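Engineer: give me a model of this one.
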Amino acid sequence: MAEYETKQRRVLLDFLRAHPDRGFSVEELYDALCKDCSEQVPGKSTLYRLIPKLVSEGFVKRFSGDNGRQFAYQIVS
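Structural biologist: This is a model prediction of the structure:
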């Protein structure tokens, strides 16, 4: 099944592409998008749904964050 390029998906991918050297938790992503983005920011629940899809599609990688209890996500370059 083909994935539609939704506005929220595009905003998230654009943000991650603009910050390729950094990994973000979902909470950090949400906070950074709220500060950085002039477009409509995806809600936290949308981010929690989008991130696993982007990981499974190979656009985003998942790794353990600094404290080991939280995952961080980074664009695959």
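
Engineer: please count neighbours and contacts with C-alpha atoms only from this point.
Structural biologist: OK.

Engineer: quick one: contacts for residue 27?
Structural biologist: residue 44 (CA atoms under 8 Å, 6 or more residues apart in numbering).

Engineer: looking at this, it is in a helix?
Structural biologist: Yes. Per DSSP: H, G, I helix; E, B strand; the rest coil, residue 27 lies within a helix segment.

Engineer: and it, how far from residue 61?
Structural biologist: Residue 27 sits at a distance of 16 Å from residue 61 (criterion: CA to CA, to the nearest Å).

Engineer: now residue 70
Structural biologist: Distance from residue 70 to residue 61, by CA to CA: 14 Å.

Engineer: between those two, who's got more neighbours?
Structural biologist: residue 61 (18 against 12; other CA atoms under 10 Å).

Engineer: quick check: phi and psi on residue 71?
Structural biologist: Per-residue torsions, residue 71: phi -90, psi 150 (degrees, to the nearest 10).

Engineer: so where do the helices sit in this protein?
Structural biologist: Per DSSP state H, the chain carries helices over the ranges 7-18, 26-36, 44-56.

Engineer: for residue 75, find the nearest of those.
Structural biologist: Residue 75 lies closest to helix 7-18 among those, at 5.6 Å (CA to CA).

Engineer: sketch out the low-pLDDT regions of the chain for me.
Structural biologist: Where the chain drops to pLDDT under 70, the residues are 1-4, 37-38, 65-66.

Engineer: 80 instead?
Structural biologist: Across the chain, the ranges flagged by pLDDT under 80 are 1-4, 36-39, 65-69.

Engineer: in stretch 40-50, what counts as buried?
Structural biologist: 41-42, 47, 50 (16 or more other CA atoms under 10 Å).

Engineer: reformat those into CSV and put distance to residue 17 next to each item.
Structural biologist: Below are the buried residues of stretch 40-50 laid out as CSV (distance: CA to CA, whole Å):
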residue, distance to residue 17
41, 16
42, 16
47, 16
50, 15
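
Engineer: for the residues you listed, which one is nearest residue 8?
Structural biologist: Using CA to CA, the buried residues of stretch 40-50 come closest to residue 8 at residue 42, 5.3 Å.
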